[in-house]
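S.K.: generate a structure from the sequence data that follows.
(2 chains)
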Amino acid sequence: MSATRTDAPAKRAAVVRASGGNPRRKERIGFTGWLMAPSVGLLGLLSIVPLVALIAMSFSRVRLLGGVRFEWVGLDNWARALGDPELWKSWGLTIGYFLGTLGVEMALGLAIALLISRVTRGRGPLMVLVLLPMFVAPSIVGLLGRYLVDPTFGLYAWFLRGFGFGGDVLGNPTTAFLAVTLMDVWEWTPLIVLIALAGLTSVNPSVLEAAALDGAGSWATLRHVILPSISGILLVALLIRSMDAVRYFDIITVTTNGGPADATKIVPLRLFETGFRFFDLGYAAVIGLMMLAVTIAVARLFVRLLNGKAAQS
Amino acid sequence: MAGVTAGTLLSSCAAPRTPVPAATGGDPWRRFAGAEINVISENTAPTAAIAADLAPFTQLTGVKVNIVSLELQALVQRVALDMAGGQAQYDVIYADPYQVLAPYHDGLADLREFIDDRTYPPLEGGLGDFVPTQLAAAGSFGDGGQVYALPYDAPTMVWQYRADLFAKYRSRMEAELGFDPTPGPERTWEEYRKIAEWFNGVDDVPYGTGHQAKQHDSLMCDFSNVLWSYGGDYFENGQELGLKGSTTPGRCLLREPAAVEAAEFYRSLVSIAHPGSLGWDWDGVGTALRAGQIAMAPNWHEYAASNESVLPGKVEYAPLPRGPHRSANIYGGTGIGISANSSGARRGAAWLFVNWATSPGTQLSNLKSKVGGGTPTRNSLYELPEAKAAMHRPSALPNMLTATAVGAAWEAERIGLRPKIPMWNECDTALFTELSRMLAGQQTAKDAMNRAADRIDRIVARGWAA
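M.R.: Sure, this is the predicted structure:
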């Protein structure tokens, strides 16, 4: 890496020399650039136009009947969002859900990956079984979960009754939040397993042997050898899952639809409700922009961590 | 709010409306033969029945009909966006009074344009054949006299109970409870609660009552029956507001003592109900009753056909109990109307469909359908010998088993009408969220009603956005 950094100015100088000594000429769009221009332009159009419309909506009251019209309301929607306790409760829940799912999925996914990496016989069928939940559509996972905990005929509800829990899992705020979190964990932990396993295969066996010869135990090997070796790939897994976690919607919609007592109404549900149930599109635009800002912040955090990792190595 | 138009970013693409082709004589039902129309409806029993057998309409009119059947929320989204687009992708619209008619009545045609035009086939029995409260609640908005929709279905909440269990334990219950437990509007909600608690102690059924107390529209419906029976209401002149509708309903009345008392009673009722109640909507309650999990429940009368197929002869129906004020049975019916943007032959053909789909003959066919069912909205249908015979077992039209109960429930002093205001969807959400918090033990009944009233007042003050 350091060699690459040292070479970079020299390469830039070479480019400038090759372009006849004029530094401005290297900025001209080349043949490949022109080839890419239509798709890049289209992509820009598809991203920028909706973003501009969204920003305009956030300062407007949007009328639908007789054609879509924006009526300027200044900062009304933003002021309402900042003073809306229900929205901030939803943000609190979203953060709780975000930390809960990512934490459990990372810990569980890594643990399962470590176990599977030690399996030598029957690893293929085992992998199929472990990865299966990932291929189920989220709404189907929600339906499956709802039926399993249904107090009338649900299998899990029947088991829970045996342990003394006679209530409705999805009817109690605490258990409902845990249930929808665990449904997401069930579905997406396999993705972490898959990514972690890919990382584990890249750990140098000779380093592991050296650690064993030095008398390192399993925990010490995991902490000082394996985790540092695969931390980069785990960060990628975290980045992918965190982007999904901020947009979690399907399972909650199918199971609790935000209830009971708003215990599972995370921000994406509130956004959908505001936009497509109440058709308060100006306020929905504010919530959408808030989500966009949070998503960008989370993504930049992970990208910065990844860059830091790359610089260290 | 500054009423300055910032600019029309996405202007309506609506072209000037093409007039309906003039009549040329001949069969008025065949006037638009060859036209093709799109119908959007909630996935309800009458629509399932009609969609399964469109041949009679096609043979009668020569019009091709495409039916899109959706869950209500998805329907509301599509209708709103279709009206915004101005193209009338959907000619005939299932106009839920609270989620479509109230907020988007300006996007619906006034059906008097067709009813009063003698070049169209006449409306059989005229408007007077519809149950009057249903025609007003499902078809009108405001004082202008417009008819935006014709009543198409009429689900109404009634007391559904296991008649076999009541028969088995009647004398024992009467002796132990000190009153005749036979369900009916003379029973009080307090007595209903005592009956439910009594059933909690017998082996035939795990719980006495079940409720649709999920954080959902169903919770508002279930609670409203109790609210009105205790003398509470959402706004001043609630019944009038439910019939006519308004964009300015005034201050919310949920802070009043009667509403708080109703909420307190409802909390105590759900506390002794099947624990699944907190996660059930109307489907959940229906399933639980049929699965033998509960002995009774308030639920929509359109479940009668399903009840009869699973528990033949065992489920009976009565108007809901009364509170200190009255017996109230929430009405959940809907009308069908025509998009104001529909034009040309499609507009005329859409009226033929609305006329045909709400006719007594079609409603009777729906009742007989193997895939559908129906909750007829025509007075004349209930007078047919075939329909009268089906009100008693053995019944070929099981939904008619509820006719006596719903007939009583539809009387002006018993029907329960929620506010027909454009922003009801959001008010409804505020109410059932606060009720859900109350049922979860997070707040008292008084706090729930106060918070709901505060939120509803804020929503109403903001006005209708779309």
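S.K.: what about the helices in the stretch 51-200 of chain B?
M.R.: B:55-61, B:72-85, B:102-104, B:112-115, B:132-139, B:163-177, B:189-199 (DSSP state H, counting those that start in this stretch).
S.K.: same question for the stretch 1-150 of chain A.
M.R.: Under DSSP H, counting those that start in this stretch, the stretch 1-150 of chain A gives helices at A:2-18, A:31-58, A:76-82, A:85-118, A:123-131, A:138-148.
S.K.: which residues of chain B score low on pLDDT?
M.R.: B:1-16, B:372, B:465-466 (pLDDT under 70).
S.K.: mind giving me the packing neighbours of the longest helix along it?
M.R.: What stands out as the longest helix in chain B, according to DSSP state H, is helix B:445-462. Counting contacts by 3 or more C-beta pairs under 8 Å, 6 or more residues apart in numbering or on different chains; DSSP states H and E, helix B:445-462 is packed against helix B:257-271, helix B:424-439. C-beta coordinates here come from the backbone N, C-alpha and C atoms, glycine included.
S.K.: helix, strand or coil: sort out B:Tyr317 for me.
M.R.: Following DSSP: H, G, I helix; E, B strand; the rest coil, we place B:Tyr317 in the strand state.
S.K.: contact partners for the closest residue to it other than its chain neighbours?
M.R.: Leaving aside its sequence neighbours, B:Tyr317 sits nearest to B:Ala405 (C-beta to C-beta, 6 or more residues apart in numbering or on different chains; 4.0 Å). Counting by C-beta atoms under 8 Å, 6 or more residues apart in numbering or on different chains, B:Ala405 touches B:Val158, B:Trp159, B:His301, B:Tyr317, B:Ala318, B:Pro319.
S.K.: now neighbour count too, for those residues, in a markdown table please.
M.R.: Shown next, in a markdown table, are the contacts of B:Ala405 (neighbours: other C-beta atoms under 10 Å in any protein chain shown):
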| residue | neighbour count |
| --- | --- |
| B:Val158 | 27 |
| B:Trp159 | 25 |
| B:His301 | 25 |
| B:Tyr317 | 22 |
| B:Ala318 | 24 |
| B:Pro319 | 26 |
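S.K.: now flag whichever of these is closest to B:Asp53.
M.R.: B:His301 (23.1 Å; C-beta to C-beta).
S.K.: show me what contacts that closest one?
M.R.: B:Pro155, B:Thr156, B:Met157, B:Val158, B:Gln160, B:Tyr317, B:Thr375, B:Asn399, B:Thr402, B:Ala405, B:Val406, B:Ala409.
S.K.: look up the closest residue to it, ignoring the ones flanking it.
M.R.: B:Thr402 (4.1 Å).
S.K.: ok, the one you found touching B:Met157?
M.R.: No: using C-beta atoms under 8 Å, B:Thr402 is not in contact with B:Met157; the gap is 10.8 Å.
S.K.: center of chain B, which residue is that?
M.R.: Centroid-nearest residue in chain B: B:Gly332, 1.4 Å away (criterion: C-alpha atoms, centre = their mean).
S.K.: what's the burial count for the closest residue to B:Ser339 other than its chain neighbours?
M.R.: Leaving aside its sequence neighbours, B:Ser339 sits nearest to B:Ala88 (C-beta to C-beta, 6+ apart; 4.4 Å). By other C-beta atoms under 10 Å in any protein chain shown, the residues close to B:Ala88 number 24.
S.K.: separation between A:Thr201 and chain B?
M.R.: Separation of A:Thr201 from chain B (C-beta to the nearest C-beta, to the nearest Å) stands at 44 Å.
S.K.: and the residue nearest to B:Ser339, what is it in contact with?
M.R.: Residues near B:Ala88 by C-beta under 8 Å, 6+ apart: B:Asp82, B:Ser339, B:Asn341, B:Ser342, B:Ser343, B:Arg346.
S.K.: in the secondary structure element (helix or strand) that the last one belongs to, which residues are buried?
M.R.: Taking DSSP states H and E as the definition, one finds B:Arg346 inside helix B:344-357. By neighbour count, with 16 or more other C-beta atoms under 10 Å in any protein chain shown as the criterion, the buried positions of helix B:344-357 are B:345-357.
S.K.: with stretch A:235-251 instead?
M.R.: Buried, per 16+ other C-beta under 10 Å, within stretch A:235-251: A:Leu235, A:Ala237, A:Leu238, A:Leu239, A:Arg241, A:Ser242, A:Ala245, A:Val246, A:Tyr248, A:Phe249, A:Asp250, A:Ile251.
S.K.: not counting that stretch itself, show me its contacts.
M.R.: So stretch A:235-251 is in contact with A:94, A:97-98, A:101-102, A:105-106, A:109, A:137-139, A:141-142, A:145, A:180, A:183-184, A:187-188, A:191-192, A:195-196, A:266-269, A:272, A:291, A:294-295, A:298-299, A:302-303, A:305-306, A:309, going by C-beta under 8 Å, 6+ apart.
S.K.: any of those residues buried? List them.
M.R.: Counted by 16+ other C-beta under 10 Å, the contacts of stretch A:235-251 give A:94, A:97-98, A:101-102, A:105-106, A:109, A:138, A:141-142, A:145, A:180, A:183-184, A:187-188, A:191-192, A:195-196, A:266-269, A:272, A:291, A:294, A:298, A:302, A:306 as buried.
S.K.: care to break the chain down by domain?
M.R.: By default, I'm working from chain A. Structural domains assigned to chain A are A:2-58, A:79-312, following automatic domain parsing.
S.K.: actually it's chain B I care about, not the one you picked
M.R.: Taken from automatic domain parsing, chain B resolves into B:28-154+B:332-383, B:157-330+B:414-462.
S.K.: near chain B, which residues of the stretch 201-313 of chain A? Just list them.
M.R.: A:256-263, A:273, A:276-282 (C-beta under 8 Å from any C-beta of the partner chain).
S.K.: what ranges does chain B have for its strands?
M.R.: For chain B, the strands defined by DSSP state E cover B:4-10, B:36-42, B:64-70, B:92-95, B:150-153, B:157-162, B:207-209, B:294-300, B:315-318, B:329-330, B:334-338, B:415-416.
S.K.: between the helix or strand hosting A:Ala237 and helix A:85-118, how many degrees?
M.R.: Per DSSP H and E: A:Ala237 is located in helix A:227-246. Here helix A:227-246 points in a direction 140 degrees away from that of helix A:85-118 (axes from the mean of the first three to the mean of the last three C-alpha atoms, to 10 degrees).
S.K.: can I get helix A:227-246 in CSV, CA atoms only?
M.R.: Listed in CSV are the C-alpha atoms of helix A:227-246, where the atom choice follows Å, rounded to 0.1, in the frame of the first residue of the first chain:
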residue,chain,number,x,y,z
LEU,A,227,-10.7,-11.6,13.9
PRO,A,228,-8.0,-9.2,12.8
SER,A,229,-7.6,-11.3,9.6
ILE,A,230,-11.3,-11.2,8.7
SER,A,231,-12.3,-7.8,10.2
GLY,A,232,-12.3,-6.2,6.8
ILE,A,233,-14.7,-8.7,5.3
LEU,A,234,-16.8,-8.5,8.5
LEU,A,235,-17.1,-4.8,8.0
VAL,A,236,-18.4,-5.3,4.5
ALA,A,237,-21.0,-7.7,5.9
LEU,A,238,-21.9,-5.1,8.5
LEU,A,239,-22.2,-2.4,5.8
ILE,A,240,-24.5,-4.6,3.7
ARG,A,241,-26.7,-5.5,6.6
SER,A,242,-26.8,-2.1,8.1
MET,A,243,-28.2,-0.7,4.8
ASP,A,244,-30.9,-3.3,4.9
ALA,A,245,-31.6,-2.8,8.6
VAL,A,246,-32.4,0.9,8.2
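S.K.: tell me where the model's unsure across chain A.
M.R.: Looking along chain A with the criterion set at pLDDT under 70, you get A:1-27, A:313.
S.K.: picking up where we left off before, how about a markdown table for the contacts of B:Ala405, with distance to B:Glu256 added?
M.R.: Formatted as a markdown table, the contacts of B:Ala405 follow (distance: C-beta to C-beta, whole Å):
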| residue | distance to B:Glu256 |
| --- | --- |
| B:Val158 | 27 |
| B:Trp159 | 26 |
| B:His301 | 30 |
| B:Tyr317 | 31 |
| B:Ala318 | 28 |
| B:Pro319 | 24 |
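S.K.: that'll do, ta.
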